[in-house]
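>>> Here is my input, please return the structure:
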Amino acid sequence: MTDSPDLTTNSQAKNRSAKTRQLLGMKGADVKESSIWKIRLQLMKPITWIPLMWGILCGAASSGNYHWVLEDVLKSAACMLLAGPLLTGYTQIMNDYYDREIDAINEPYRPIPSGAIPLPQVVIQIWLLLFSGVGLAYVLDRWAGHDFPTITVLAIAGSFLSYIYSAPPLKLKQNGWLGCYALGASYIAIPWWTGHALFGDLNPTIIALTLFYSFSGLGIAIVNDFKSVEGDRTLGLKSLPVVFGVTRAAWICVLMIDVFQAGVAGYLMSVHENLYATLLILLIIPQITFQDMYFLRDPIQNDVKYQASAQPFLVFGMLVTALALGHAGV
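Predicted coordinates for the structure are as follows:
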């Protein structure tokens, strides 16, 4: 007896979906892949590039000097290449390299623990992405006419932060608070500074405000720890879900996300950007709704569903803030 056409079609669709999710570096996609280039791309986790590239866009907007002309579009595209595929790709592969024992427990189908790619080839890819990223950062500094290589320094500093986040002896991710904040700053502050520096002068107000905003990113970073709680507990890593328990860590997570966004809205009101502040508050409301619907009820099972539903409102809130800062001339 043969399978019906509908069953075959559904099976093929599920297989294609699983392959796509695996290629993007998403959780739970266990599909055998033979193409070395697809394996290399999977290691770089393309799904994680988007927030960094968005941060570049926010920085460009907050500078107040971005214009829709060809040169500015090309500059921002090159900067997104730097922040996304090159340096985020470098970060993700290095993290997988040093987390291979944890991944063998939590995600054994990942390219490194599954043996799909030899470790020496992983190391070569890490170095290629790092040198390419720093080189492109220097080109962007020259393109922007910087006397001081601000973007190059940010690229090197961000890469070093990524290294000490993942690698011993410091391995910041072993410390729940410090590791999560380092990750939050890497996703919000550093790309924001880079985009702002490309089109304007990076100033203390932008630095301080985005570091404050990064506490919301800390909350998002905690969300990522719930999927690894079993492996973290086994290997003695002090992630917040391990230290505080799943329920308390979930509440810490959502409070960090909401309170610090509200604080940014308060700052926008203080500089008389009331319309933008109102828009930011309106974008916080659906995040709270999805926190109650999904995350607080079962953070381990609903982490991906929660991020897919709530995070778009957070990232649009970042852009609203950036536009407000550009409008205010901060």
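>>> I'd like the distance between the closest residue to Ala328 other than its chain neighbours and Asp201.
Of all residues not flanking Ala328 in the chain, Val271 sits nearest, at 5.0 Å (CB to CB, 6 or more residues apart in numbering). The C-beta positions use only the backbone N, C-alpha and C, and glycine is treated the same way. According to CB to CB, to the nearest Å, Val271 stands 18 Å off from Asp201.
>>> which of the residues in stretch 272-286 are buried?
For stretch 272-286, the neighbour count (16 or more other CB atoms under 10 Å) marks 273, 276-277, 279-281, 283-284 as buried.
>>> So which of the residues you listed is the closest to Phe244?
Ile284 (23.5 Å; CB to CB).
>>> Now name the helix or strand holding the closest one.
Using DSSP states H and E, Ile284 maps to helix 274-290.
>>> Show residues contacting that helix.
For helix 274-290, contacts defined as CB atoms under 8 Å, 6 or more residues apart in numbering pick out 254, 257-258, 261-262, 264-266, 268-269, 306, 309-310, 313-314, 316-317, 320-321, 323-324, 327.
>>> Pull out the buried members of those.
254, 257-258, 261, 264-265, 268, 306, 309-310, 313-314, 317, 320-321, 323-324, 327.
>>> Can you pull out the low-pLDDT segments for the protein?
1-19, 21, 23-33 (pLDDT under 70).
>>> at 80 instead, please
1-34, 106, 227-228, 231, 235-237 (pLDDT under 80).
>>> Which parts of it are strands?
Applying DSSP state E to the chain gives no strands.
>>> Relative to His272, how far out is Pro204?
Pro204 is 20 Å from His272, by CB to CB.
>>> if we can go back for a sec, who has more neighbours out of Val271 and Asp201?
Remark: of Val271 and Asp201, Val271 carries more neighbours, 16 against 11, as counted by other CB atoms under 10 Å.
>>> Would you confirm that that one contacts Val330?
Yes: here Val271 lies in contact with Val330, judged by CB atoms under 8 Å, at a distance of 6.7 Å.
>>> Run through the helices of the stretch 1-150 of the chain in chain order.
Ranges of helices in the stretch 1-150 of the chain, per DSSP state H, counting those that start in this stretch, are 5-24, 36-43, 49-63, 70-81, 89-98, 100-106, 119-144, 150-166.
>>> residues contacting the nearest residue to Gly59 once chain neighbours are set aside?
Take Gly59 and drop its neighbours on the chain: the residue closest to it by CB to CB, 6+ apart is Gly195, 2.4 Å away. Neighbour list for Gly195: 55-63, 76, 79 [criterion: CB under 8 Å, 6+ apart].
>>> biggest separation within those, which pair?
Pairwise distances across the contacts of Gly195 (CB to CB) peak at 13.8 Å, for the pair Ser62 and Cys79.
>>> so Met44 sits right up against Thr91, yeah?
No: Met44 lies out of contact with Thr91 (CB under 8 Å); the separation is 9.2 Å.
>>> residues in contact with Cys79?
Counting by CB under 8 Å, 6+ apart, Cys79 has contacts 56, 60, 140, 151, 194-195, 198.
>>> let's see 7 Å
Neighbour list for Cys79: 56, 140, 194-195, 198 [criterion: CB atoms under 7 Å, 6 or more residues apart in numbering].
>>> for the helices of the stretch 1-150 of the chain, which one sits closest to Lys173?
Short answer: helix 150-166, nearest of the helices of the stretch 1-150 of the chain by CB to CB, at 5.5 Å.
>>> Could you tell me how many residues sit around the closest residue to Val139 other than its chain neighbours?
Closest residue to Val139 apart from its sequence neighbours, by CB to CB, 6+ apart: Ala78 at 7.5 Å. Look at Ala78: counted by other CB under 10 Å, it has 17 neighbours.
>>> please begin residue numbering at 15 from this point
Let's use 15 as the start, then, which means that last one is Ala92.
>>> What count of nearby residues applies to Gly250?
With other CB under 10 Å as criterion, Gly250 counts 8.
>>> and Asp66, what does it touch?
Wrong residue type there; residue 66 is Leu, not Asp. For Leu66, the contacting residues are 97-98, 102, 201, 205, by CB under 7 Å, 6+ apart.
>>> could those residues go into JSON lines alongside neighbour count?
Shown next, in JSON lines, are those (neighbours: other CB atoms under 10 Å):
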{"residue": "Ala97", "neighbour count": "29"}
{"residue": "Gly98", "neighbour count": "22"}
{"residue": "Thr102", "neighbour count": "27"}
{"residue": "Tyr201", "neighbour count": "24"}
{"residue": "Pro205", "neighbour count": "30"}
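>>> Tell me the one of those residues nearest Ile234?
Distances from Ile234 to these, taken as CB to CB, are shortest for Tyr201 (7.2 Å).
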